[in-house]
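1. sequence and predicted structure, then a few things I'm wondering about:
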Amino acid sequence: MDSLEQPRSALLEQQARYAEVLVRVGVNLQPNQGLIVSAELAHAPFVRLVSDAAYQAGAKYVHVAWTDTPLLRSRMLHSQPEHLDYVPAFEIARHRQAVDEGWARLALVGDEFPDIFEDVPAPVMRRVQVAKSQALRFYNEALMSNQVQWCVGGVPNAAWAKKVFPALEPAQALQALWELVLRAVRADAPDPIAAWRAHDQRLKRVAQFLTEQRVRAVRYFDPRPVDGAPASDLTIGLTDAPVWVSASSVTPQGVPFIANMPTEEVFTSPHRLRANGWVRTSKPCFPMMREVRDAFFRLHDGEVVEFRAAKGQEVLAEFFQIRGARRLGEISLVDVRSPINQSGALFYETLFDENAACHIAFGAAYTEGMHGAQAMDEQAREAAGLNQSDTHVDVMIGTPTMDVYGICEDGSQVTIMRQGQFVDAIFASA
């Protein structure tokens, strides 16, 4: 028997099922379609399971784009300044081929070296990120407009596990994180695919309710007193033709996929000029791969006009210099009863932490959040209110004390959440 084909442990069997779910439900890989997998070196054993699942699903070819963050840090700290904007032509060509040929994308996350960029100057981080984002704008737009299937999934490793569970021994921490991840992505269910379909339908009921009520603005209100005022009171107006998105999306060719695994959110793209009020973060966020904690943002007519943070103030100052970063590209609703939030863990990974709390995102908007936007050019999208940017960073704002209200087209108000939970009326007619 080949050493790579030894009998599998129970955990390895669940990991293999997870890989299959990512391929068959997440990206929903089609026969004869290519697949790009981005991963860190620590993810290699799981990437092999993904490769098996992809070829078994009929993949034409699986390309793995490996990332080693110490190498990226080395470049940022030691490269000549004039080379920081350089993006090789072959990188652009590879991504162009992926778009032209309709390759699906699976991004695996889970830092092998948490906090490795803490000593990198924020201006350097911004410069490198913006250069790459601008060079590959065509590719990022193809993903954000769902021209091809894409999915993001988490892969535990020893360093990430120790970050989440610092009190546990390394082996115990890794086991505990795998258990949490597998539960969150429903890979531990008797039939994970059926479990995802049922979950998708429940989230779609929330989207249906918001559509039926003709919600045109959302108010996030957290009455907890902070400095003599409510912790958060932010009203965000939507475009004139909003679409509420939940779990599964669809390509122009009619192929359904689920972009985030796990996902507990219902989201839309707001109008770039229609946000007023203030909001505080409830979990760390990671603009430019640097940690920001306990942040406060005040917005006026859609733009951030004041910000501060207990940690990462200098990071925010650089981040908000990025084109479009001061305006919103996404607003999201997440029930505090989500299994990720109920786990009580802080994941230090946006994919998971954003599915534990309501969140907003600074930067580029998703075109699927507005009717007709996918057929518009960039100028028309911006005129219709969708934000254009070289970044997209999620910021968690939800708390167990937050209420969320919808302001409807006729000016009436409907309650969406009470104390962080969707109200029963949403599911009453489901």
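-> That came through, no problem. Numbers count the residues shown, from 1 in each chain.

2. where does the closest residue to E40 other than its chain neighbours fall, phi/psi-wise?
-> Among residues not flanking E40 along the chain, E112 sits closest, at 4.7 Å (Cβ to Cβ, 6 or more residues apart in numbering). Every C-beta, even on glycine, is put in place using the N, C-alpha and C of the backbone. Here is the backbone geometry of E112 (degrees, to the nearest 10): phi -80, psi -30.

3. in stretch 317-335, what's buried?
-> 318-320, 322, 324-335 (16 or more other Cβ atoms under 10 Å).

4. which of those sit farthest apart?
-> Using Cβ to Cβ, the buried residues of stretch 317-335 span at most 33.5 Å, a distance reached by E318 and D335.

5. can I assume the residue nearest to E40 is in contact with L41?
-> Yes. With contact defined as Cβ atoms under 8 Å, E112 counts as touching L41 (6.6 Å).

6. for the residue lying closest to G372 once chain neighbours are set aside, grab phi and psi.
-> In space, and not counting its chain neighbours, G372 is closest to A241: 6.5 Å by Cβ to Cβ, 6+ apart. Main-chain torsions, A241, degrees, to the nearest 10: phi -140, psi 60.

7. measure A241 to E368 for me?
-> From A241 across to E368, the span is 12 Å (Cβ to Cβ, to the nearest Å).

8. what of I397?
-> From I397 to E368 the distance is 22 Å (Cβ to Cβ).

9. comparing these two, which residue is more hemmed in?
-> I397 (25 against 19; other Cβ atoms under 10 Å).

10. roughly how far apart are the more buried one and E212?
-> The gap separating I397 from E212 is 25 Å, by Cβ to Cβ.

11. can you list the weak-confidence ranges in this structure?
-> Scanning the chain for pLDDT under 70 picks out the ranges 1-8, 429-430.

12. where is the longest helix in it?
-> As assigned by DSSP state H, the longest helix anywhere in the chain is helix 192-212.

13. now the helices for the protein?
-> Using DSSP H, helices in the chain cover 10-21, 44-56, 69-78, 89-101, 122-135, 137-144, 158-164, 170-184, 192-212, 313-319, 339-342, 350-353, 378-384.

14. looking at those helices, spot the one closest to R293.
-> Using Cβ to Cβ, those put helix 313-319 closest to R293, at 10.2 Å.

15. where do the domain boundaries of this protein fall?
-> Using automatic domain parsing, the domains assigned to the chain come out as 3-184, 205-245+264-426.

16. gap between the two ends of the last one?
-> Right, domain 205-245+264-426. End-to-end span of domain 205-245+264-426 (Cα to Cα, to the nearest Å): 7 Å.

17. circling back to that earlier point, would a markdown table of the helices of the chain with distance to P284 be doable?
-> Shown next, in a markdown table, are those (distance: least, Cβ to Cβ, whole Å):
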| stretch | distance to P284 |
| --- | --- |
| helix 10-21 | 25 |
| helix 44-56 | 25 |
| helix 69-78 | 18 |
| helix 89-101 | 30 |
| helix 122-135 | 16 |
| helix 137-144 | 24 |
| helix 158-164 | 11 |
| helix 170-184 | 17 |
| helix 192-212 | 25 |
| helix 313-319 | 11 |
| helix 339-342 | 15 |
| helix 350-353 | 7 |
| helix 378-384 | 31 |
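
18. burial of the residue lying closest to S338 once chain neighbours are set aside, as a residue count?
-> Take S338 and drop its neighbours on the chain: the residue closest to it by Cβ to Cβ, 6+ apart is E264, 4.0 Å away. If you count neighbours by other Cβ under 10 Å, E264 ends up with 26.

19. so of the helices of the chain, which one's packed in deepest?
-> Per-stretch averages of neighbours, counted by mean count of other Cβ atoms under 10 Å, single out helix 350-353 among the helices of the chain, with a mean of 23.

20. CA atoms of that one as CSV?
-> Taking C-alpha atoms only, helix 350-353 is exported to CSV below (Å, rounded to 0.1, in the frame of the first residue of the first chain):
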residue,chain,number,x,y,z
THR,A,350,-12.0,37.3,9.3
LEU,A,351,-13.6,34.4,7.6
PHE,A,352,-14.7,33.1,11.0
ASP,A,353,-15.0,36.2,13.1
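
21. which residues touch that helix?
-> Contacts to helix 350-353, defined as Cβ atoms under 8 Å, 6 or more residues apart in numbering, come from residues 109, 152-154, 181, 184, 260, 262, 283-286, 340, 346-347, 394, 396.

22. rerun that using 7 Å as the cut-off
-> Outside helix 350-353, the residues that touch it by Cβ atoms under 7 Å, 6 or more residues apart in numbering are 109, 152, 154, 184, 260, 262, 283, 286, 340, 346-347, 394, 396.

23. nothing else from me, thank you.
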